[in-house]
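Trainee: give me the fold of what follows.
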Amino acid sequence: MNKRRWIFGTAASAALVASSLFALTSTSLSATPARGAETTRPVIVVLGDSISAEYGLPRDTGWVALLRKRLAQERIDYSVANASISGDTTSGGRARMPELMERLKPSIVIVELGANDALRGVPLATSEDNLRTIVEQAQQGHAKVVLVGMYVPSNYGPAYTQRFHAMYASVAHEMNVRLVPFLLAGIENRPEMFQSDQMHPAQQAQPALLENVWPVLAPLLRK
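Mentor: From the prediction side, this is the model:
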């Protein structure tokens with residue numbers, strides 16, 4: 001099964017995607033809980049990169065915004081803080097976690113990081129250690145964790161791509177957290193579901209991303 005068609009297969013396209021991934025550095029913390037009555041609502045923090053930060057999308061059309069709408073529709077009383085930054089790595093997420101945990105005190109943390117590590121040549125051992133530490137930081141703050149898996153470019157070679165993807169399952173098993181195997185499952189071989197860079201999902205793909213996350217997340221919302 002080819003789960004990597006959505007990502008570049010040539011050096012030229014790799015450069016294009018890398019530049020687009022690192023283009024933005026601003027964070028979106030929309031729906032961050034306000035002080036007062038709002039703080040009584042449990043918080044979901046999404047710690048991600050450009051795919052969760054609505055890169056190239058109209059505001060409030062990404063899968064995180066759709067998650068917020070689904071919670072409201074189903075009358076599940078959580079707020080959602082999108083702490084995703086385009087171009088972010090596991091090291092960046094690890095560095096930001098203590099402040100996020102202290103300020104937002106989330107009940108659930110969704111971690112969608114790692115693809116940029118591969119683009120930057122970060123050793124797998126480093127990425128895995130960072131993910132493990134992020135999970136530990138969340139658990140120390142009494143938050144449940146959903147880890148979101150990704151694939152890397154096929155031109156990295158089959159051995160590396162499999163080891164990269166297996167990293168998520170390894171951390172999830174070791175740390176006893178829930179795993180979304182692949183955020184882009186079901187759209188990875190559909191070019192029309194991606195923006196012109198063929199890396200970032202288009203607006204019409206965002207419901208599919210939420211559907212990949214929701215079955216893993218939903219059981220935690222009712223505990």
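Trainee: bridged to the spatially most central residue of the chain, which residues?
Mentor: Centroid-nearest residue in the chain: residue 112, 2.0 Å away (criterion: C-alpha atoms, centre = their mean). Counting by DSSP bridges, residue 112 is bridged to residue 48.
Trainee: that one contacts residue 50, doesn't it?
Mentor: No - counting by C-beta atoms under 8 Å, residue 112 stays clear of residue 50, with 9.9 Å between them. Every residue, glycine included, has its C-beta placed from N, CA and C.
Trainee: what residues are shared contacts of the two?
Mentor: residue 84 (C-beta atoms under 8 Å, 6 or more residues apart in numbering).
Trainee: dump stretch 157-175 to PDB, restricted to CA.
Mentor: The C-alpha atoms that make up stretch 157-175 are tabulated as PDB, following Å, rounded to 0.1, in the frame of the first residue of the first chain:
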ATOM      1  CA  GLY A 157      14.000   4.900   1.100                       C
ATOM      2  CA  PRO A 158      11.700   2.100   2.300                       C
ATOM      3  CA  ALA A 159      13.700   1.300   5.400                       C
ATOM      4  CA  TYR A 160      13.700   4.800   6.700                       C
ATOM      5  CA  THR A 161      10.000   5.500   5.900                       C
ATOM      6  CA  GLN A 162       9.000   2.300   7.800                       C
ATOM      7  CA  ARG A 163      11.200   3.100  10.800                       C
ATOM      8  CA  PHE A 164       9.800   6.700  10.900                       C
ATOM      9  CA  HIS A 165       6.200   5.500  10.800                       C
ATOM     10  CA  ALA A 166       6.900   2.800  13.400                       C
ATOM     11  CA  MET A 167       8.300   5.400  15.700                       C
ATOM     12  CA  TYR A 168       4.800   6.600  16.500                       C
ATOM     13  CA  ALA A 169       3.500   3.200  17.300                       C
ATOM     14  CA  SER A 170       6.500   2.500  19.500                       C
ATOM     15  CA  VAL A 171       6.000   5.700  21.600                       C
ATOM     16  CA  ALA A 172       2.300   5.200  21.800                       C
ATOM     17  CA  HIS A 173       2.700   1.600  23.100                       C
ATOM     18  CA  GLU A 174       5.500   2.500  25.500                       C
ATOM     19  CA  MET A 175       3.700   5.500  26.900                       C
END
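Trainee: which residues touch that stretch?
Mentor: 4, 114, 118, 124, 127-128, 131-132, 135-136, 139, 145, 147-154, 156, 177-179, 181-182.
Trainee: alright, calling it a day.
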